[in-house]
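J.: give me coordinates for this.
(chains A and B)
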Protein chains: 2
Amino acid sequence: MSSRLKGNLIVGQSGGPTAVINQSLTGVVVEATRHTEIQNVYGALHGIQGVMKQEIVDLGAESAEEWERIAKTPCAALGSVRKKPTPDDCAQILKAFQEHNIRYFFYIGGNDSAETTQIVQKLAQEARYEMRVFHVPKTIDNDLKVTDHCPGYGSAARFVALAMMGDTLDNRSLPGIKIDVIMGRHAGFLTAASVLARQEEGDGPHLVYVPEIDFSLDRFVDDVADVHARLGRAVVAVSEGIHNAAGKTVLETQEKDSHGNVQLSGTGALGDFLAEAVRQKLGKKLRVRADTYGYLQRSFPGVVSEVDAREARMAGEAAVRYACGDPLSGSVALKRIENRGGYKSETFLTPLETVARETKSLPRTMIKGTNDIADDFLAYVRPLVGELPRMGHIRAKKIRTQHSGLNTQDSL
Amino acid sequence: MSSRLKGNLIVGQSGGPTAVINQSLTGVVVEATRHTEIQNVYGALHGIQGVMKQEIVDLGAESAEEWERIAKTPCAALGSVRKKPTPDDCAQILKAFQEHNIRYFFYIGGNDSAETTQIVQKLAQEARYEMRVFHVPKTIDNDLKVTDHCPGYGSAARFVALAMMGDTLDNRSLPGIKIDVIMGRHAGFLTAASVLARQEEGDGPHLVYVPEIDFSLDRFVDDVADVHARLGRAVVAVSEGIHNAAGKTVLETQEKDSHGNVQLSGTGALGDFLAEAVRQKLGKKLRVRADTYGYLQRSFPGVVSEVDAREARMAGEAAVRYACGDPLSGSVALKRIENRGGYKSETFLTPLETVARETKSLPRTMIKGTNDIADDFLAYVRPLVGELPRMGHIRAKKIRTQHSGLNTQDSL
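T.: Residues are numbered from 1 along each chain as shown, chains lettered A, B, ... in the order given. Have a look, this model is predicted:
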């Protein structure tokens, strides 16, 4: 096969959006203009569905200035989709490729998208239609295998860290029990990032529940009661994906689910359920509140990790460079070559089948007991999130008063 | 009475936190150092409760550098409280003032806090204890009377605008029905700010429900069905305070409330209920999601309107200057003296009783029909929120294909 395959390129975005998924898209488009074997640069609207339905736009028409603006805009600029192609779909996809002489296919997404990429690659191979097929990683869940971490995760983790910084201050202001439900599906990486909010003695989260540890509602309520007894308040980070030893989610274990259907995101049901469980144990008069951080974690504009934005761009660019070199297919992965202060990373290529379908969990070495995160995780996550603002605190001592015979001189 | 009243100052924070409530606190503390009649500057921990229990700190002990950091930190640095003093409490409060020669009292809060300030002022007056008593406005709800707008609102409105900008992009990426529940209690100002997210044709929110318009569940579901039929998706902004003509909240009108107790914030119940109502009308297969923006609206660090931060500081400083002048008491209010490009505001003083207890609603001139916001509101809100980032969009036309005989050449 020629290493200089002439033809058109198509790129699509798939799965849940991230704050930097358009950095990867911009990386693919901008890098493609540097390779003469790539002729037109097309975008598939709503991923593989846009290929099937031939809803295809000419990305060469946008200005360089607009691309830089698109790169900084959260969510999939081409539209996204959650779809695994059926055999019928595959016939349509191949037809579109042939009709438009598409020889380069790039799919930006998570593990399901990697599987779709793999299906497309096999499809072309079986039809003896020569093309290059690459997966560009993206997920706020950080659950892709092989890669050190995923573009999209650092920015979502930054949002979670900031949200928790605000929330633990809110809880200091008006004490009570606060439960925050955090995304991440069946991996605890995003929920774990909440511990970055701990700057001062007493800062939350005081308890962290990740899906890697089997969840027990009784133990949860006891844990909250313990923290409340100690601090008079508690801030709790809970992953949306928590489940019991049998793999059942918390709501599934209830005889009567008040909401009828179980869904991980886009509902406040889990948080509300846990808040009610705490109220039942600690009394109705206690101030118990739940927030579900929701889609803001993946779509909020302007809260972006610089490292994440840079790596997302780099992954898109690298995919095109790999495609214009020897490899015929693969998934772009990140390797950490220096950590901490002088953090550096580089890309490498891994076979599609090593990333497709299966996911990665938060390693046990990064988890502490049943309700906390270990320091190993902090060393891993800090460079990905970037520096966080330092919160101000009043540390002045209490003044001596006649009233307080036993003056404790505690700070706030 | 002397206009040079010598003595100590105490400041407290009350009610729900905001992103800039510590700007006002810093304004009070820094300005106080400029007035020689003010001796020690004290802070009451958790507002009036800290006065009663004599949990008082010496704010003069913090460095100027730390004050600037505190100013930029969200939530009440002194701790907050929701408490209306009883006659017994009043006796304790007076005792604390006398014991510590406190002659200046500043209370940063909303309409309930203004009422507390008024109670404290009457208490001192009746006891013939000479002191100056001032309320410094703060609320994300923007519902205080007299003032043009409230410190804290601009930053919360900025958060809501950005959150909605992200959410409408998310909804373009993965179409469906998205319902966002926004704070603001019984006033629609904060929910209305969601319309700042409209930058491009098709941007949401497509429907906006504020508490000033009686809510009808049937009309709501029909509205959503209409937008869905037109766009294939819908983003809906709903105020947490919506209620029917009889004043009952949506959850109160249901025979069976699945959550047992009705509470406006810190629960996802309203959003989940509305999502379920839409599903029942439009079919279970439709992707319907709800997010409740929650406490992030008032506590998220780093999302601050510059105008809001400046005005919050200004309100704190002005309160001290008024107190060191002729007036004995009052609430600081803001007047808009220039709008748009050259936006300018100044403070003025209004009697405590004009701000205490009652609240203000979103004016009818700022509401459009039963489910939208009028342009009058945009002119009002834009300078308070500040410039918002411009989102990038792919505007390229679809390419011509054999497949699409009737090629529409639509843009995304």
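
J.: neighbouring contacts of the helix or strand encompassing A:Asn22?
T.: Using DSSP states H and E, A:Asn22 maps to helix A:21-32. Residues outside helix A:21-32 that contact it (Cβ atoms under 8 Å, 6 or more residues apart in numbering or on different chains): A:9, A:11, A:13, A:38, A:41, A:43, A:59, A:62, A:64, A:67-68, A:70-78, A:104, A:106, A:108, A:136, A:138, A:151-152, A:309-310, A:312-321, B:392. For glycine as for every other residue, the C-beta is placed from the backbone atoms N, C-alpha and C.

J.: what's the average pLDDT for that helix?
T.: Mean pLDDT, helix A:21-32: 98.

J.: so after it, what's the next helix or strand?
T.: Next helix or strand after helix A:21-32 toward the C-terminus (DSSP H and E): strand A:38-44.

J.: hey, C-alpha coordinates of the helix or strand following that following strand in CSV?
T.: Heading C-terminal from strand A:38-44, the first helix or strand you meet, by DSSP H and E, is helix A:48-52. C-alpha atoms of helix A:48-52 as CSV (Å, rounded to 0.1, in the frame of the first residue of the first chain):
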residue,chain,number,x,y,z
ILE,A,48,-21.4,8.3,12.1
GLN,A,49,-25.1,9.2,11.5
GLY,A,50,-24.0,12.1,9.4
VAL,A,51,-21.9,9.8,7.3
MET,A,52,-24.8,7.4,6.8
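
J.: okay, now the closest residue to A:Gly188 other than its chain neighbours: neighbour count?
T.: Distance criterion Cβ to Cβ, 6 or more residues apart in numbering or on different chains; nearest residue to A:Gly188, sequence neighbours excluded, is A:Val210 at 2.6 Å. Neighbours of A:Val210 under the rule other Cβ atoms under 10 Å in any protein chain shown: 28.

J.: I'd assumed A:Glu240 was in contact with A:Val210.
T.: No. Assessed by Cβ atoms under 8 Å, A:Val210 is found out of contact with A:Glu240, at 10.6 Å.

J.: tell me how chain A divides into domains.
T.: Using automatic domain parsing, the domain ranges for chain A come out as A:7-152+A:303-354, A:155-301+A:363-385.

J.: gap between A:Leu251 and A:Glu276?
T.: 12 Å (Cβ to Cβ, to the nearest Å).

J.: contacts only, for A:Asn244.
T.: Here A:Asn244 is in contact with A:214-216, A:250, A:253 (Cβ under 8 Å, 6+ apart).

J.: where do the strands of the stretch 151-300 of chain A begin and end?
T.: A:177-182, A:207-209, A:234-239, A:288-292 (DSSP state E, counting those that start in this stretch).

J.: just send these back as TSV, with distance to chain B too.
T.: What follows is the strands of the stretch 151-300 of chain A, written out as TSV (distance: least, Cβ to the nearest Cβ, whole Å):
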stretch	distance to chain B
strand A:177-182	8
strand A:207-209	17
strand A:234-239	11
strand A:288-292	3
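
J.: adding mean pLDDT and mean neighbour count, write those out as CSV.
T.: Listed next are the strands of the stretch 151-300 of chain A as CSV, based on pLDDT from 0 to 100; neighbours: other Cβ atoms under 10 Å in any protein chain shown:
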stretch, mean pLDDT, mean neighbour count
strand A:177-182, 98, 28
strand A:207-209, 98, 25
strand A:234-239, 98, 28
strand A:288-292, 95, 27
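
J.: need those in JSON lines (columns: distance to B:Gln54).
T.: Below are those laid out as JSON lines (distance: least, Cβ to Cβ, whole Å):
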{"stretch": "strand A:177-182", "distance to B:Gln54": "27"}
{"stretch": "strand A:207-209", "distance to B:Gln54": "33"}
{"stretch": "strand A:234-239", "distance to B:Gln54": "27"}
{"stretch": "strand A:288-292", "distance to B:Gln54": "29"}
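
J.: state which one residue of chain A is found closest to chain B.
T.: Proximity to chain B, evaluated over chain A using Cβ to the nearest Cβ, is greatest for A:Gly268 at 1.2 Å.

J.: wait, that residue sits on B:Arg289?
T.: No. Here A:Gly268 lies out of contact with B:Arg289, judged by Cβ under 8 Å, at a distance of 10.8 Å.

J.: let's have the domains of chain A in a markdown table, adding distance to B:Gly283.
T.: A markdown table is the format used below for the domains of chain A (distance: least, Cβ to Cβ, whole Å):
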| stretch | distance to B:Gly283 |
| --- | --- |
| domain A:7-152+A:303-354 | 18 |
| domain A:155-301+A:363-385 | 13 |
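
J.: lowest-confidence stretch among these?
T.: Looking at the domains of chain A, the bottom one is domain A:155-301+A:363-385 with a mean of 93.

J.: just the helices in chain A please.
T.: For chain A, the helices defined by DSSP state H occupy A:21-32, A:48-52, A:64-71, A:87-99, A:111-126, A:153-173, A:189-192, A:217-231, A:269-282, A:296-299, A:306-323, A:375-385.

J.: between these, which gets nearest to A:Glu358?
T.: Of all these, helix A:111-126 sits nearest to A:Glu358, with 6.7 Å by Cβ to Cβ.

J.: is any residue of the closest one near chain B?
T.: No. Using Cβ under 8 Å from any Cβ of the partner chain, helix A:111-126 stays clear of chain B, with a minimum separation of 13.1 Å.

J.: which of the contacts of A:Asn244 are buried?
T.: By neighbour count, with 16 or more other Cβ atoms under 10 Å in any protein chain shown, these hold A:215-216, A:250 as buried.

J.: and those as JSON lines, adding distance to B:Gln125?
T.: As requested, these are arranged in JSON lines below (distance: Cβ to Cβ, whole Å):
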{"residue": "A:Phe215", "distance to B:Gln125": "57"}
{"residue": "A:Ser216", "distance to B:Gln125": "58"}
{"residue": "A:Val250", "distance to B:Gln125": "55"}
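
J.: dump the residue contacts of the closest residue to A:Gln13 other than its chain neighbours.
T.: Once flanking residues are discounted, A:Gln13 sits nearest to A:Ala76: 3.8 Å by Cβ to Cβ, 6+ apart. Counting by Cβ under 8 Å, 6+ apart, A:Ala76 touches A:13, A:17, A:21-22, A:25, B:173-174.

J.: how far is stretch A:334-346 from where the chain is centred?
T.: Here the centre of stretch A:334-346 is set off from its chain's centre by 19 Å, with Cα atoms, centre = their mean, to the nearest Å.

J.: list of residues touching it?
T.: Counting by Cβ under 8 Å, 6+ apart, A:137, A:147-151, A:307, A:311, A:314-315, A:347-348, A:379, A:382-383 sit against stretch A:334-346.

J.: which parts of that stretch are buried?
T.: Buried residues in stretch A:334-346 (16+ other Cβ under 10 Å): A:334, A:345.

J.: with just CA atoms, put that stretch into CSV.
T.: The C-alpha trace of stretch A:334-346 is given here as CSV (Å, rounded to 0.1, in the frame of the first residue of the first chain):
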residue,chain,number,x,y,z
LEU,A,334,-1.2,10.0,25.8
LYS,A,335,2.0,9.1,27.8
ARG,A,336,3.2,11.2,30.7
ILE,A,337,6.9,11.7,30.3
GLU,A,338,7.4,14.2,33.2
ASN,A,339,5.1,14.8,36.1
ARG,A,340,4.7,17.7,38.6
GLY,A,341,6.2,21.1,37.9
GLY,A,342,7.7,20.3,34.6
TYR,A,343,4.8,18.2,33.4
LYS,A,344,5.1,16.9,29.8
SER,A,345,3.3,14.4,27.7
GLU,A,346,3.5,12.9,24.3
